[in-house]
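1. model this:
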Amino acid sequence: MNIYTIGKSPSEELDYTKGWCNINPLDDNKIDDVIYSNLPIIVYPNKNCLNFLISYLAEWRLINSYEPIRKRKIIVYNQESFFDPLLKCLSHYRAKLPDEKNKEAINWFIYPNTKPLDIFYISSNMKEIESIAEKYSKEEYFSIKPENTKKSVIQKHDEKKYIFVPASAFGWTIYDELAFKLGENIANRGYRFINGGPDGGKLCNGPMRQSALGYIKKSQELLIAVYSELVFKNYVKEEQLEPFKNQIDIIYCGTESERKCVMINGADEVYVLPGAIGTWAEVTHSLLLNKKVKLYGDYWKDFRECLEYYSFDVEWYKCID
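-> Residues are numbered from 1 along each chain as shown. From the prediction side, this is the model:
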């Protein structure tokens with residue numbers, strides 16, 4: 001049967017004789033196979049799967065133009081209302097997001113089982129979930145996963161601490177000063193700086209860019225920027241990188257999820273500035289890999305409470321120490 005399941009079933013209700021393909025949510029290679037295909041997905045209630053759901057929403061902004069994938073079904077087994085705090089948190093943050101693509105992705109999740117926003121189906125009834133999954137498993141397999149992905153890593157040539165700084169790539173100018181100070185702080189401590197590219201997106205602004213500018217102002221070290229080839233080719237302009245000339249080391253990856261893993265695996269700690277779905281996915285993935293995570297800015301109050309509900313250990317700072 002052409003159905004993916006993510007995570008382990010919390011009960012014995014899952015019948016593996018059905019031939020369903022079970023995927024570990026931390027197996028990055030397999031998760032790419034899942035995200036870039038059109039097969040239905042059943043997501044089980046455990047905290048490893050929180051990261052998959054948020055990551056899928058982040059990836060969806062890039063792949064939703066492909067009709068076979070746009071029609072797929074994500075079926076969430078909400079046993080004992082496990083995912084309710086996440087739904088509440090996403091609903092709260094929706095109003096704070098500056099762009100429509102992020103808001104649209106969240107709509108699909110917080111308004112499930114309705115048309116036309118019927119990508120997600122959430123239920124606590126396992127028999128109902130099986131029935132929905134079987135209905136949508138009849139489609140012919142379709143995948144848009146890039147054939148030649150790069151297996152990249154961050155090469156460490158010194159004993160310094162490497163800090164990954166997730167943040168929004170555009171907008172959010174209210175946090176520019178906070179971001180710039182964090183970049184300076186990382187440089188002043190002699191740490192290395194990793195981010196997802198300081199180009200600033202289409203608006204050439206935002207916490208990601210400002211933190212990078214703060215870092216290069218105070219540091220002689222190269223800023224490590226990690227891009228997927230898709231994003232770099234389609235969205236980055238040379239003039240956006242001009243301020244970082246001779247101070248940037250660019251690493252290219254094949255897919256967005258691989259890019260995320262390269263940044264997280266290359267970091268000793270993760271310092272997080274305000275951002276939307278992509279940033280949230282980087283936070284949860286970092287926590288699942290037992291990285292020390294610090295959230296900066298009053299923006300994170302409700303998200304931190306949600307993480308603590310699911311027993312994630314995270315630090316939160318309203319300002320730069």
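2. C-alpha only now, for contacts and for neighbours.
-> Fine.
3. Mind jotting down where the helices sit in the stretch 51-200 of the chain?
-> 67-70, 84-94, 100-110, 126-135, 176-188 (DSSP state H, counting those that start in this stretch).
4. Need the winner for burial among those helices.
-> helix 176-188 (a mean of 21; mean count of other C-alpha atoms under 10 Å).
5. what's it in contact with?
-> 163, 192-193, 206-208, 210-219, 273, 297, 319-320 (C-alpha atoms under 8 Å, 6 or more residues apart in numbering).
6. how about low-confidence regions in the stretch 101-250 of the chain?
-> 115-117, 147-151, 200-205 (pLDDT under 70).
7. Please repeat the previous calculation with a cut-off of 90.
-> 101-120, 126-127, 129-159, 168-174, 196-206, 209, 227-247, 250 (pLDDT under 90).
8. contacting residues for the most centrally placed residue in the chain?
-> With distances taken as C-alpha atoms, centre = their mean, the residue of the chain nearest its centroid is A281 (2.7 Å). By C-alpha under 8 Å, 6+ apart, A281 lies in contact with 51-52, 54-55, 58.
9. for K260, helix, strand, or coil?
-> helix (DSSP: H, G, I helix; E, B strand; the rest coil).
10. now the one 3 residues further on
-> Of the three states, M263 takes helix according to three-state DSSP.
11. Return the residues in contact with it.
-> Here M263 is in contact with 154, 164, 194-196, 226 (C-alpha under 8 Å, 6+ apart).
12. Same question for D118.
-> D118 neighbours (C-alpha under 8 Å, 6+ apart): 73, 108, 112.
13. and with 10 Å instead?
-> Contact partners of D118, counting by C-alpha atoms under 10 Å, 6 or more residues apart in numbering, are 71-74, 107-109, 111-112.
14. Ok, Y162 next?
-> 154, 156, 186, 190-194, 224, 263-264, 266-270.
15. Across the sheet, point out what pairs with Y4.
-> Counting by DSSP bridges, Y4 is bridged to C21, I41.
16. Do I have it right that it meets E130?
-> No - Y4 lies out of contact with E130 (C-alpha atoms under 10 Å); the separation is 11.7 Å.
17. Overlap of the contact sets of those two?
-> I42.
18. Quick check: K71 vs I63, distance?
-> 12 Å (C-alpha to C-alpha, to the nearest Å).
19. For the protein, just list every one of the strands.
-> Ranges of strands within the chain are 4-6, 21-23, 41-43, 74-77, 120-123, 162-164, 192-195, 223-228, 248-253, 269-272, 292-296, 315-317, based on DSSP state E.
20. From the contact counts, what lies against the third one?
-> Counting contacts by 3 or more C-alpha pairs under 10 Å, 6 or more residues apart in numbering; DSSP states H and E, strand 41-43 packs against strand 4-6, strand 21-23, helix 47-63, strand 74-77, strand 120-123, helix 126-135.
21. Mind checking the pLDDT average for that strand?
-> Model confidence over strand 41-43 averages 92 on the pLDDT scale.
22. swap in the last one?
-> Model confidence over strand 315-317, given as mean pLDDT, is 94.
23. before we move on, back to that, relative to K103, which of the strands of the chain is closest?
-> Across these, K103 has its closest neighbour in strand 120-123 (14.9 Å, C-alpha to C-alpha).
24. ok now the closest one, how far from the chain's centre?
-> In terms of C-alpha atoms, centre = their mean, to the nearest Å, the centre of strand 120-123 is set 21 Å apart from its chain centre.
25. so what strands line up beside it?
-> In the sheet, strand 120-123 lines up with strand 74-77 (parallel) (DSSP bridges).
26. How about residues contacting the partner strand?
-> In contact with strand 74-77 (C-alpha under 10 Å, 6+ apart) are residues 4-6, 9-10, 39-46, 49, 53, 56, 83, 109, 112-113, 118-126, 128-130, 132-133, 136.
27. Quickly list the domain ranges of the chain.
-> Taking automatic domain parsing as the criterion, the chain consists of the domains 4-135, 162-317.
28. which of the ones you listed sits most buried?
-> Most buried among the domains of the chain, counting by mean count of other C-alpha under 10 Å: domain 162-317, with a mean of 20.
29. Report the contact partners of the spatially closest residue to Y136 that is not a sequence neighbour.
-> Among residues not flanking Y136 along the chain, P40 sits closest, at 6.2 Å (C-alpha to C-alpha, 6 or more residues apart in numbering). Shown in contact with P40 (C-alpha under 10 Å, 6+ apart): 2-5, 34, 69, 71-75, 119, 132-139.
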